[in-house]
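sequence and computational prediction follow.
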Amino acid sequence: MTGSSIKYLTKEGFRNIWTNRMMSVASIAVLMSCLVLIGSAAMMFLNIESLLSRIEEENVVMVFIQDEATEEQVKALESEINALGNIKDIQFVSKEEAWNEQLATMEEAQAEFFKDVSSDIPLPDAYKVTIDNLDNFDETVKGIKALDNIDTVRENRQLAQRLVAIRQGISVIAIVIIAVLFAISLFIISNTIRLTVYNRKLEISIMKSVGATNNFVRFPFVIEGMILGVLSGVVGLLLVWGLYELIVSRFNELLNSLNLSAVGFSGYALPMLGAFILIGVICGVGGSVVTMNKYLNKEGSEISNV
């Protein structure tokens, strides 16, 4: 097709949207609804992921150092732990600091009693280690235990395994929900465009009878599907944003009381907009192509018989 043909067919795509505006509104509403569900599910999963990350940060491995270890050996141990890999964070906790924190949790009389009994601190120096990838939790802990100058290692393997299982389950659920909603969107858009094609089959038949190629007939519908997809993506994002902020404002006091905070939407607005537009365009263009192929690639179709 020439540049003038593409320009003409593009205008036809825009004109078709206005001419068949009821169908266009229906297509946008349906696709937008699916995108709102996808976006809402995505934000829910992001908040769950944020909560799991916070729990993971609390699931630290305490590495207690032998009292006989020298200052140089204690410093070298930090480098050895980091060298194992899969270490997100490591903090040195001196026995004085740990003892003061322990005394702070006691009643005043009880704390004074322990201070008077002995000046010796009954705790060892330690490293607080945060594991990066919990999938390799056991291997990392095993590597730490094999290092020298370590007294004991305190870890919560069961919690780590549960967190891994929860994260994997959430990922599977998210993929299934998005795939199902995407398939529903594609199906509904295809049927909506099929109705549009049916209503305009005489026009299409005339175009075919005067020698129009399949691509020439198909192009305006592709443009139409693309525009509907973009509009659905933009409107869908605005709705998800508004609903999310409304829900967060309603539950803000509850979240604060639990020392929790919702994930900010603004940081995900542009990626979600891009994803929405991409999904919308794929559904719109894909629905157009699938529907038109059923009419244009069959000998003796209902269009050719008009």
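In hand now; what should we look at?

which element is the closest residue to residue 207 other than its chain neighbours on?
Nearest residue to residue 207, sequence neighbours excluded (C-beta to C-beta, 6 or more residues apart in numbering): residue 217, at 5.5 Å. C-betas here are computed from N, CA, C, even on glycine. Per DSSP states H and E: residue 217 is located in helix 214-250.

any buried residues in that helix, and which?
217-237, 239-241, 244, 248 (16 or more other C-beta atoms under 10 Å).

please name every helix or strand in contact with that helix.
Secondary-structure packing of helix 214-250 (3 or more C-beta pairs under 8 Å, 6 or more residues apart in numbering; DSSP states H and E): helix 3-19, helix 21-58, helix 157-199, helix 201-209, helix 266-296.

tell me the angle the helix or strand encompassing residue 141 makes with helix 21-58.
Take DSSP H and E as the rule and residue 141 turns out to sit in helix 137-145. Interaxial angle, helix 137-145 versus helix 21-58 (axes from the mean of the first three to the mean of the last three C-alpha atoms, to 10 degrees): 30 degrees.

got the contact list for stretch 73-85?
Stretch 73-85 is contacted from outside by 63, 65, 69, 87, 90, 92, 125, 127, 129, 140, 143-144, 147-150, using C-beta atoms under 8 Å, 6 or more residues apart in numbering.

which of those ranks first by neighbour count?
Greatest neighbour count in the contacts of stretch 73-85, by other C-beta atoms under 10 Å, goes to residue 63: 28 neighbours.

what about the strand or helix carrying that one, distance to the chain center?
Secondary structure from DSSP H and E places residue 63 in strand 61-65. Centroid separation between strand 61-65 and its chain, computed with C-alpha atoms, centre = their mean, to the nearest Å, is 34 Å.

which parts of the helix or strand following it are buried?
Counting by DSSP H and E, the next helix or strand C-terminal to strand 61-65 is helix 71-83. For helix 71-83, burial by neighbour count (16+ other C-beta under 10 Å) applies to 74, 77-78, 80-81.

for stretch 33-50, same thing?
So for stretch 33-50, counting by 16+ other C-beta under 10 Å, buried means 33-39, 41-49.

who does the helix or strand following the helix holding residue 141 pair up with?
Using DSSP H and E, the helix or strand that follows helix 137-145 towards the C-terminus is strand 150-154. For strand 150-154, the paired strands and their directions (DSSP bridges) are strand 61-65 (antiparallel).

angle of the partner strand against helix 71-83?
For strand 61-65 against helix 71-83, the angle by the same axes, to 10 degrees is 150 degrees.

contact partners of strand 61-65?
Residues external to strand 61-65 that are found in contact with it (C-beta under 8 Å, 6+ apart): 74, 77, 81, 124-131, 140-141, 144, 149-155.

do stretch 250-260 as well
51, 248, 261-262.

keeping just the C-alphas, turn it into PDB.
The C-alpha trace of stretch 250-260 is given here as PDB (Å, rounded to 0.1, in the frame of the first residue of the first chain):
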ATOM      1  CA  ARG A 250     -10.200   4.200  53.800                       C
ATOM      2  CA  PHE A 251      -7.800   1.600  55.400                       C
ATOM      3  CA  ASN A 252      -4.900   4.100  56.200                       C
ATOM      4  CA  GLU A 253      -5.700   4.200  59.900                       C
ATOM      5  CA  LEU A 254      -5.800   0.400  60.100                       C
ATOM      6  CA  LEU A 255      -2.500   0.000  58.200                       C
ATOM      7  CA  ASN A 256      -0.800   2.600  60.500                       C
ATOM      8  CA  SER A 257      -2.000   0.700  63.600                       C
ATOM      9  CA  LEU A 258      -0.400  -2.400  62.300                       C
ATOM     10  CA  ASN A 259       2.800  -0.500  61.400                       C
ATOM     11  CA  LEU A 260       2.200  -1.200  57.700                       C
END
